[in-house]
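1. Compute the structure for the input listed below.
(chains A and B)
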Amino acid sequence: GDSVTQTEGQVALSEEDFLTIHCNYSASGYPALFWYVQYPGEGPQFLFRASRDKEKGSSRGFEATYDKGTTSFHLRKASVQESDSAVYYCALGSTGYQNFYFGKGTSLTVIP
Amino acid sequence: GGIITQTPKFLIGQEGQKLTLKCQQNFNHDTMYWYRQDSGKGLRLIYYSITENDLQKGDLSEGYDASREKKSSFSLTVTSAQKNEMAVFLCASSIDWGGSYEQYFGPGTRLTVL
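-> Numbering: from 1, shown residues only, chains lettered A, B, ... in the order given. Next up, the predicted model:
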């Protein structure tokens, strides 16, 4: 079945460090790929989406590029801030019966 | 813009009790979802509803019932709460059913079963 895998469970960085959170997917065709961010005490918030190969999604300084060849949608940010501390979820939307799958999340802590 | 409201924010129940969680959205979205969030396990789909009066089971539907009597509201019932159960239940909506539409989430209901 369709699935999403986030490699890192927890990431700790210093301010101004470069961030990469890895996301790989398994699905047929061209599923839509998403990144969400969840702050403590809140529900996840939609960051951005990409729907076709080589499409780049971006928001708030974060970006990811849809890569069908490597089945990946890695989240990157050039310079993280303490306010970026949150849990990040990669998600896949497919045309199957259960159409949305979330990864297990990556907890980012940015140390000032 | 719009908002999703979940009530109650905190829910404490006894083992075996039937508990109901409520969700309201004013986006005028067709599709609504219930997810369970456990630490380290991400979000797991319990039920979703493509439109008013429609109900579809997700992977985690056993032990739960759902109800969508109005377009704007979606309720979830824990049919028999399990002792030591602790999780956050998240309600979400999207403009339509289909994997290409982003979902908007409420703040969650935190359940504790004593």
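2. and the residue nearest to residue B:14 when sequence neighbours are not counted, how many neighbours does it have?
-> With sequence-adjacent residues excluded and distances taken as C-beta to C-beta, 6 or more residues apart in numbering or on different chains, residue B:14 is closest to residue B:114, at 5.9 Å. For every residue, glycine as well, the C-beta is placed using N, CA and C. The local packing of residue B:114 (other C-beta atoms under 10 Å in any protein chain shown) involves 11 other residues.
3. Same check on residue A:44?
-> Counted with other C-beta under 10 Å, the neighbours of residue A:44 add up to 27.
4. try residue B:39
-> By other C-beta under 10 Å, the residues close to residue B:39 number 10.
5. same check, this time on residue B:27
-> Residue B:27, neighbours per other C-beta under 10 Å, totals 15.
6. Residue B:81 too?
-> Residues lying near residue B:81 (other C-beta under 10 Å) number 20.
7. thinking again about what came up before, ok, the residue nearest to residue B:14 touching residue B:83?
-> Yes. Residue B:114 is within contact range of residue B:83, at 7.3 Å (criterion: C-beta atoms under 8 Å).
8. can you list residues touching both of the two?
-> Residues touching both residue B:114 and residue B:83 (C-beta atoms under 8 Å, 6 or more residues apart in numbering or on different chains) are residue B:15.
9. beta partners for the nearest residue in space to residue A:10 that is not next to it in sequence?
-> Nearest non-adjacent residue to residue A:10, counting by C-beta to C-beta, 6+ apart: residue A:107, 4.8 Å away. In this entry, residue A:107 is beta-bridged to residue A:10, residue A:87, by DSSP bridges.
10. now swap in residue B:93 and tell me
-> Here residue B:93 sits in beta bridges with residue B:32, residue B:104, as judged by DSSP bridges.
11. Residue A:82 and chain B: what is the separation?
-> 22 Å (C-beta to the nearest C-beta, to the nearest Å).
12. still on that earlier bit, these two touch, right, the residue nearest to residue A:10 and residue A:13?
-> No. Assessed by C-beta under 8 Å, residue A:107 is found out of contact with residue A:13, at 11.6 Å.
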